[in-house]
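Engineer: generate coordinates for the sequence data below:
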Amino acid sequence: MNQRGSILVIYPDLYFTTIGVFEGNHLLYQQKISHNEDELHRFEQLMEQVPYRKQAIFEQLDLDGMNTSRFISVCGRGGLLRPISGGTYKVNNAMLYDLKTNAYGEHVSNLGAVLAHEIAENLNIQAYIVDPPVVDELQTIAKYTGIPEIERASIFHSLNHRHAGRIAAKQIGSAYHSLKLISIHIARGITIASHHSGKIIDVTNGVDGEGPFTIDRSGSIPLKGFLTYLSEQYTTDEDFLWNHVQQDGGIKAYLHTEDPSIIRSRLTKGDQYTKEVIEAQAYQIAKEIGAMSTVLHGEVDGIVFTGKINENDFVIDAVIPRVNWIADVMVFPGKNDLEAMNEGVLEVLNNTQKEKIYVAEEAN
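Structural biologist: Residues are numbered from 1 along each chain as shown. Sure, this is the predicted structure:
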């Protein structure tokens, strides 16, 4: 490294904040800070949580004897910003404004850059984000929908997809930028992406309802059937309907559980309906992988699974026989978000990549 010291990474989630400290590529320290739900519910606005979470981070670091004077930079989880290319971005005023005003949507990930900035400011060091979920490297033709007024957006697990692609490149023994890969992030949300020459040129946008059904999301559904369903619900409450397909759909709707251990137990006992539902999910995932192979003209160097593999192994085991004829399959368990964030910052500190500057979208 050009600078000696450690990097603090911060990954806020709904009811906890995960922090890690890296020395180079070595993870020195990791802690998951749980936040009391009642305490968080006191805050009417998401951004009001920042001082509370910031204090919790400093208290945890102090409790565990971490020397904050050794930090040379801080990296926060990327949030909902305007569509941007992948890379490592310096946290600046334009970014903070868009996150604090929820200019592109409200999500707990918006806290990442704000927390990183506040902590970095206290320590007089620089704050960054890496590959936020709005990374948009889609080829133009991938954005068409059939309705000119509606364009496909790129929102996905970009941080983990890119990291998995880089791990796959090391295993294959080639540079990431030289490969054509299909990656599948499988956890509560499922997204599937095509990598070409270092860019993610197409992806299923799980946030907007694309792709296979997940543990609680409906995924892509027949439009006419959905419109009929809406008319039968006698409601046009957008929030209610959206929550219904994004929080009460998928496996939860079919099996009335979200617990992988219960699902695994039912499969072990030979429950045929549970087996059929899981096979249906695997079938949809495999179809999307096949579709992504056409994006790459059938020239696929590898198919990469990542995410919560241990919780979803029964699904992945059902997918692999359907797709291993396309390319070799690699499985990398875990959400490697902390490692990916650290690597992105290291590339900037080591001058192997240039930091990027976030620019606010110009008003029409």
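Engineer: could you list the domains of the chain?
Structural biologist: Annotated domains of the chain cover 6-134+338-357, 140-333 [automatic domain parsing].
Engineer: as JSON lines, these with mean neighbour count would be great.
Structural biologist: Heads up, the C-betas are built off the backbone N, CA and C, glycines and all. Shown next, in JSON lines, are the domains of the chain (neighbours: other C-beta atoms under 10 Å):
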{"stretch": "domain 6-134+338-357", "mean neighbour count": "18"}
{"stretch": "domain 140-333", "mean neighbour count": "17"}
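Engineer: weakest of the ones you listed by average pLDDT?
Structural biologist: With a mean of 93, domain 140-333 has the lowest mean pLDDT of those.
Engineer: tell me where this structure has helices.
Structural biologist: 37-41, 50-63, 93-100, 111-123, 158-172, 223-233, 238-247, 250-255, 260-268, 272-295, 313-323, 337-349 (DSSP state H).
Engineer: between the ones you listed, which one is nearest to Thr140?
Structural biologist: Nearest of the helices of the chain to Thr140, taken as C-beta to C-beta: helix 272-295 at 13.0 Å.
Engineer: now do the contacts for the residue sitting nearest the centre point of the chain.
Structural biologist: For the chain, His157 is the residue whose C-alpha lies nearest the centre (C-alpha atoms, centre = their mean; 2.4 Å). Contacts for His157 (C-beta atoms under 8 Å, 6 or more residues apart in numbering) come out as 133, 185, 187, 189, 191, 307.
Engineer: pick the one among those closest to Pro260.
Structural biologist: Ala187 (10.7 Å).
Engineer: hmm, Pro333 and that closest one touching each other?
Structural biologist: No. Using C-beta atoms under 8 Å, Ala187 is not in contact with Pro333; the gap is 11.0 Å.
Engineer: overlap in contacts, these two.
Structural biologist: Shared contacts of Ala187 and Pro333 (C-beta under 8 Å, 6+ apart): Lys308.
Engineer: returning to what we had before: could I get the helices of the chain as TSV with distance to Gly211?
Structural biologist: TSV is the format used below for the helices of the chain (distance: least, C-beta to C-beta, whole Å):
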stretch	distance to Gly211
helix 37-41	30
helix 50-63	31
helix 93-100	26
helix 111-123	24
helix 158-172	13
helix 223-233	15
helix 238-247	12
helix 250-255	11
helix 260-268	19
helix 272-295	6
helix 313-323	13
helix 337-349	20
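Engineer: closest to Glu149 out of the ones you listed?
Structural biologist: Distance to Glu149, taken as C-beta to C-beta, is lowest for helix 223-233 among those, at 15.1 Å.
Engineer: quick check: Gln60 vs Gln281, distance?
Structural biologist: Separation of Gln60 from Gln281 (C-beta to C-beta, to the nearest Å): 37 Å.
Engineer: for Thr294, same thing?
Structural biologist: Distance from Thr294 to Gln281, by C-beta to C-beta: 21 Å.
Engineer: thinking again about what came up before, which stretch among the helices of the chain comes nearest Ile72?
Structural biologist: Nearest to Ile72, of these and by C-beta to C-beta, is helix 337-349 at 7.2 Å.
Engineer: just want the angle from the closest one to helix 111-123.
Structural biologist: With axes from the mean of the first three to the mean of the last three C-alpha atoms, to 10 degrees applied, the angle from helix 337-349 to helix 111-123 works out at 50 degrees.
Engineer: against which helices or strands is helix 337-349 packed?
Structural biologist: strand 6-12, strand 16-23, strand 26-34, strand 71-76, strand 88-90, strand 126-130, helix 158-172 (3 or more C-beta pairs under 8 Å, 6 or more residues apart in numbering; DSSP states H and E).
Engineer: need those in JSON lines with distance to Glu44, can you?
Structural biologist: Shown next, in JSON lines, are those (distance: least, C-beta to C-beta, whole Å):
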{"stretch": "strand 6-12", "distance to Glu44": "18"}
{"stretch": "strand 16-23", "distance to Glu44": "20"}
{"stretch": "strand 26-34", "distance to Glu44": "21"}
{"stretch": "strand 71-76", "distance to Glu44": "22"}
{"stretch": "strand 88-90", "distance to Glu44": "29"}
{"stretch": "strand 126-130", "distance to Glu44": "25"}
{"stretch": "helix 158-172", "distance to Glu44": "29"}
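Engineer: figure out which of those is closest to Asn351.
Structural biologist: Of all the helices and strands packed on helix 337-349, strand 88-90 comes closest under C-beta to C-beta, at 11.9 Å.
Engineer: how far off centre is the closest one?
Structural biologist: Its chain's average C-alpha position is 17 Å from that of strand 88-90, according to C-alpha atoms, centre = their mean, to the nearest Å.
Engineer: also stretch 41-52?
Structural biologist: Mean-position distance between stretch 41-52 and its chain equals 23 Å (C-alpha atoms, centre = their mean).
Engineer: now the end-to-end length of it.
Structural biologist: 12 Å (C-alpha to C-alpha, to the nearest Å).
Engineer: before we move on, what about stretch 222-242?
Structural biologist: 15 Å.
Engineer: now swap in stretch 54-73 and tell me
Structural biologist: Chord length of stretch 54-73, first to last residue, is 16 Å (C-alpha to C-alpha).
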